[in-house]
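Visitor: okay, predicted coordinates and the sequence, questions at the end:
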Amino acid sequence: MKAAVLVFPGSNCDRDCKVAVETTTGGHVDMVWHQETALPSGLDLIVVPGGFSYGDYLRCGAMASQSPVMAEVAKAAERGVSILGICNGFQILCESGLLPGALLRNAGLKYICKPIELTIENRNTRFTSAYGDEQTIWMTQGNADGNFFADADTLQSIEDNGQVVFRYVENPNGSINNIAGIVNKAGNVLGMMPHPDRAFEPSLGSADGAPLFHSLQRLLQSA
Amino acid sequence: MSTTKTIAEYAAEYGLKPDEYQVILDRLGREPNYVELGVFSVMWSEHCSYKSSRLHLRKFPVTGDKVICGPGENAGIIDIGEGPDGQKLACVFKMESHNHPSYIEPYQGAATGVGGIMRDVFTMGARPVALLNALRFGEPDHPKTKRIVEGVVAGIGGYGNCVGVPTVAGETNFHSGYNGNCLVNAMCVGLADADKIFYSAAPEPGLPVVYFGSKTGRDGIHGATMSSAEFSEDSEEKRPTVQVGDPFAEKLLIEATLELMASGAVAAIQDMGAAGLTSSSVEMAGKGGLGITLDLDKVPQREENMSAYEMMLSESQERMLAILKPGREEDGYRIFKKWGLDAAVIGETNTSGHIVLTHKGEVVCDLPLGPLSDDAPLYDRPWVEPDTQAPLTRVPVAPVGDALLTILKSPDMASKRWLWEQYDRHVMADTLADSATGADAGIVRVHGTKKALAVTSDVTPRYVQANPYEGGKQAVAEAWRNLTAVGADPIAITDNLNFGNPERPKIMGQIVRAIDGMAEACRVLNFPVVSGNVSLYNETNGVAIPPTPTVGAVGLIEDYENRIGFNSLKNGQVLILIGDTKGELGSSIYLREVHGLEEGAPPPVDLELEKLNGDFVRSLIHTKTAKAVHDLSDGGLLTAAFDVAAASNVGIELKNPTDLEDHVFAFAEDQARYLVAVDEASAHLVLARAAEAGVAAQTVGVATGTDLVLAGAASLSLEALKQAHESWLPAYMGA
Amino acid sequence: MTLKAKVHIFLKNGVLDVQGKAVEGALGGLGWTDVSNVRVGKVLEFDLKASDKSAAETEVKAMCEKLLANTVIESYRIEVA
Amino acid sequence: MTLKAKVHIFLKNGVLDVQGKAVEGALGGLGWTDVSNVRVGKVLEFDLKASDKSAAETEVKAMCEKLLANTVIESYRIEVA
Ligand SMILES: Nc1ncnc2c1ncn2[C@@H]1O[C@H](COP(=O)(O)OP(=O)(O)O)[C@@H](O)[C@H]1O
Ligand SMILES: [Mg+2]
């Protein structure tokens, strides 16, 4: 697998994402600075990592969504390249319009870091095909703005199209319909608040994030 | 018209004693000007000069075969062996207080405390990998406490989470003694290559001095700001002296600093902490035995019309001062531009032995560096033996089950989940144990290796209050025990000595005796002090805080598969109590929480026994005989058994094999004890081995069911106990 | 000329304003029970150079659409003087 | 009567406005280099019942001092209508 992890000023899960992809898939990962106007060629996966891009000072992900590299990411998304946004990466993908909806302040107004139980709502995406028949999975999350929101029409279409990929078993933050992660209509762009990049081997408390990366690898093998 | 004060009057106002000021006059042979006075006043402040504590800090053992750099630099450094490519690895760590700022403005005070301690670590070339915080708040009913808790916790999280360093452990107490002075002690642990450590001493003359990071504003300039060179008190609005933290800037600063170091351009480097540009420039030039000139017009400034005095004393955050190797300015500018940081060459090193500052074309300060450090005041402050508590003469009885419930929902003992869930504990994807895990120390992997660091912070202020010497020993011993209990080899400590006014002989006595006790424990346990911080004058209206010498400790686990916690107890396993129980209840949680009594001599600490018992427990962990381990501390055996049962989700049935009354057996706080779970089949072997080693050990229970039971005395459902333990803090905070 | 711009940004109607709700609850808890419909927004103030007021307004509107507001959830109001 | 209150809260002069600094940088990066002195504040709007405007103002001031503003670092401005 050939992957790129984007690096914005304030990204802080960039290395975590690189290690997660390398450890789970043995793939090659390039780090790509936000000012780049071209992506490495032949990418199978672009990861938009978590963190606090630009301090999240205006709105989470707002400033990062305007960086030069995001224009390239949009083109790659168009071409069908797999794109995974985790936490701040999810916020950036929403802000840049690659995913519908927005992430609001957590209902409790606090940053919440804790392991969280998820149901896999759609096992047929390229991000979830390697999950077995486990009912729920666990991974940790850490954010202050993970409260997914979409207006009624958008929400309806997200649900109708099977775009909801992960739901919280217990809603931690007020997220509408318990949504923890969604894909775009085409199914190649996933945004999620919990961290598969912190749950890829048992010593981290959970390896339930690993099948997500295995799914992407499987996609390549089947292609 | 404004009133104009004399320089001597200003000297007094800025905390210089008449005889200190006289020394300045003698050394200079003239009156200092206002800027020079400012430089002296901060360099000779308690904070920078350690004038009240320096004499006693010398008692700490500071060397050892694992110590690479002891106290005196920005942080301490220890050797943690080799990395996968044979490179020598080092761990860099320090603890620092931000008590006063956190009381004034809890969010920013705590946030900038975290920022400051991280800079001390990465300025030495280490990437920060773990944060801890030791917090002491006033009693919950005090009108200010809740707001302070709310702000401090949000500030710690707001800063650490954004920078992307996991906060993995800490401690939290509430006591009326902190009503007027909360304590916020933050610790940062970093990793570096042992042969790529950076120091602050300027190596040679003629090198450029580069300022980089955020711009300088009027943040944190003490008291009534001296806003003009005339020092007139005009009617200008009193500026807030609160420093505001910018964690995003800090993140950029970390990356830029580490990249600059990797580029090979750095000759010496120093963060701008308290006393900002003054202490950083004076220390860099002074330690190098050189001189330095700075052109203050070049300093990046956030506000207009800043005076030389303001620039030199500003405590604006997220700033660094570096001395570059010859001709490497371009490397610097390229990296600073990439990370969007302000930067400027503001001066040069020379051989003058002076610090010379120019501003608007004039020399505004010309001081010999020697007197600033060599003649800094050093006090042997008068002290008397501090008050100590006599041994207990009575121990009131209470039903064991009720007492346990009361203890578990008391502010000090209740779960702190509400606060640590606001901290990112997992960023960097190397956290193996954190506040949520059920382990006696935080554990983070040394990235890319099988090694892991264990980290903890400990002190029991009520013991130190009751007997500073024993309490000092106990703080070190408990930290050592917590590292031991996760399977780590304890290596070294940092400390944060929080006390009241040292000019009062009784308080000075607490300081002296606590240090004596800590030093003794460090010596016996081979646990040297490599860095630390002193915070004095924590006192309001003549009421001093309980003496609180916080210990931050680091240990090494060679193979993290051999780590252990107390969350792994399984049904049927046998619980063995290591260490002798005499029934120490002086200054115990049981007395305070159940009977409202704060009295009695604290449990004595037998350091040889600590070593014996701890080494034995570590051997049980290394041989994988131990299946779960928890040290015994506040609240004694029954509280520890609850912790183990709750974290492992299995009940425990204890029996009392001693002659002690049940409530004494349940809650005594004798030191040097551990609760160790082993498989039933190996229990007799462990007891035999303990006997051989001369370690007291007895079987006290078994894992079974869903209740916590002390046979004949108490039986409570684990669920009910957990509920009590978890509910106090959220209810108090109204969440 | 240099003009002063002020931008108010609020969550749209229909988007739950959790901060507003929390402030309302806190005020109520302090005895201010007569307060209702609390909404919490952002306000940005800045100077900008422009040929005239209407040119400035156009610029500020563009800034809002591109960066300052997320029009999926927020509405904004501009004042230039 | 029911009145509308509006409270603007800004950091005091001299206190580092990290948000303002960041927004200014971002606008600059997008080509709006003519923007300066960006300050980001909070604005609260709410309804409250009071006997008259001046009574309402007194109440709102009390709310600011007690809860809405952190007067150590923030200043506020009240409008009641
Ligand atoms: N301020 C804090 N920050 C982070 N973790 C904390 C804090 N206070 C308590 N904790 C965590 O809560 C747990 C229990 O704390 P404590 O009772 O002090 O442990 P112990 O008595 O074993 O030293 C530990 O994991 C500790 O790290
Ligand atoms: Mg412990």
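Guide: All right, it came through fine. Numbers count the residues shown, from 1 in each chain, chains lettered A, B, ... in the order given. Ligands and ions are numbered 1, 2, ... in the order given.
Visitor: in terms of helices and strands, where is the most centrally placed residue in chain B?
Guide: By Cα atoms, centre = their mean, chain B has its centre lying nearest to B:Met95, at 3.2 Å. According to DSSP states H and E, B:Met95 maps onto strand B:88-97.
Visitor: neighbouring strands - and their directions - for that strand?
Guide: Neighbouring strands of strand B:88-97 in its sheet, by DSSP bridges, are strand B:76-82 (antiparallel), strand B:183-193 (antiparallel).
Visitor: most packed of those strands?
Guide: Using mean count of other Cβ atoms under 10 Å in any protein chain shown, the stretch among the strands paired with strand B:88-97 with the greatest mean number of neighbours is strand B:183-193 (a mean of 27). Every residue, glycine included, has its C-beta placed from N, CA and C.
Visitor: skip ahead from the helix or strand of chain C with the lowest mean pLDDT and say which helix or strand is next.
Guide: When each helix and strand of chain C is scored by mean pLDDT, DSSP states H and E, helix C:18-29 comes last, with a mean of 93. Next helix or strand after helix C:18-29 toward the C-terminus (DSSP H and E): strand C:35-49.
Visitor: please give the element, helix or strand, for the closest residue to B:Leu612 other than its chain neighbours.
Guide: Distances taken as Cβ to Cβ, 6 or more residues apart in numbering or on different chains place B:Val695 nearest to B:Leu612, at 6.0 Å, with adjacent residues excluded. Counting by DSSP H and E, B:Val695 is held by no secondary-structure element, helix or strand.
Visitor: where does B:Val695 fall, phi/psi-wise?
Guide: Dihedral pair for B:Val695: phi -100, psi 130, per degrees, to the nearest 10.
Visitor: pretty sure it sits against B:Ile576.
Guide: No: applying Cβ atoms under 8 Å as the test, B:Val695 and B:Ile576 come out as separate, 10.3 Å apart.
Visitor: what about the closest residue to chain D within chain A, neighbour count?
Guide: Closest to chain D within chain A is A:Tyr57: 3.9 Å, counting by Cβ to the nearest Cβ. Neighbour count for A:Tyr57, taken as other Cβ atoms under 10 Å in any protein chain shown: 25.
Visitor: any idea how far B:Asp342 is from it?
Guide: In this view, A:Tyr57 and B:Asp342 are 17 Å apart by Cβ to Cβ, to the nearest Å.
Visitor: same question for B:Leu405.
Guide: Distance, B:Leu405 to B:Asp342, using Cβ to Cβ: 56 Å.
Visitor: residue 39: what's it in contact with?
Guide: Picking chain A for this. Neighbouring residues of A:Leu39 by Cβ atoms under 8 Å, 6 or more residues apart in numbering or on different chains: A:4, A:32, A:46, A:69, A:72-73, A:76.
Visitor: my question was about chain C, not that one.
Guide: C:10-11, C:17, C:20, D:44-46.
Visitor: my guess is C:Tyr76 contacts C:Ala5. True?
Guide: No: distance between C:Tyr76 and C:Ala5: 11.4 Å, which falls outside the contact criterion (Cβ under 8 Å).
Visitor: which residues do those two both contact?
Guide: Counting by Cβ under 8 Å, 6+ apart, nothing touches both C:Tyr76 and C:Ala5.
Visitor: B:Ile576 reaches B:Ala696, doesn't it?
Guide: No: using Cβ under 8 Å, B:Ile576 makes no contact with B:Ala696, being 10.4 Å away.
Visitor: those two: which has the busier surroundings?
Guide: Neighbour count, other Cβ under 10 Å: between B:Ile576 and B:Ala696, B:Ile576 has more, with 23 against 17.
Visitor: and the more buried one, helix, strand or coil?
Guide: At B:Ile576 the chain is in strand, as set by DSSP: H, G, I helix; E, B strand; the rest coil.
Visitor: ok, the closest residue to it other than its chain neighbours - contacts?
Guide: Distances taken as Cβ to Cβ, 6+ apart place B:Val676 nearest to B:Ile576, at 5.0 Å, with adjacent residues excluded. Neighbouring residues of B:Val676 by Cβ under 8 Å, 6+ apart: B:575-578, B:617, B:620, B:626, B:628-629, B:686.
Visitor: contacting residues for whichever residue of chain A sits closest to ligand 1?
Guide: Residue nearest to ligand 1 within chain A: A:Cys113 (10.9 Å; Cβ to the nearest ligand atom). A:Cys113 sits next to A:140-142, B:161, B:420-426 when contact means Cβ under 8 Å, 6+ apart.
Visitor: any idea which element the nearest residue in space to it that is not next to it in sequence lies in?
Guide: Leaving aside its chain neighbours, A:Cys113 sits nearest to A:Gly142 (4.0 Å; criterion: Cβ to Cβ, 6+ apart). Under the criterion of DSSP H and E, A:Gly142 resides in strand A:136-143.
Visitor: how about the helix or strand that that strand is followed by and chain C, touching?
Guide: Downstream of strand A:136-143, the first helix or strand assigned by DSSP H and E is strand A:147-149. Yes: Strand A:147-149 comes into contact with chain C (Cβ under 8 Å from any Cβ of the partner chain), by way of A:147, A:149.
Visitor: figure out how far the helix or strand just after strand A:147-149 is from the centre of its chain.
Guide: Of the helices and strands lying after strand A:147-149 in sequence (DSSP H and E), the nearest is helix A:152-160. What separates the centre of helix A:152-160 from the centre of its chain is 19 Å, taken as Cα atoms, centre = their mean, to the nearest Å.
Visitor: with stretch B:536-545 instead?
Guide: What separates the centre of stretch B:536-545 from the centre of its chain is 20 Å, taken as Cα atoms, centre = their mean.
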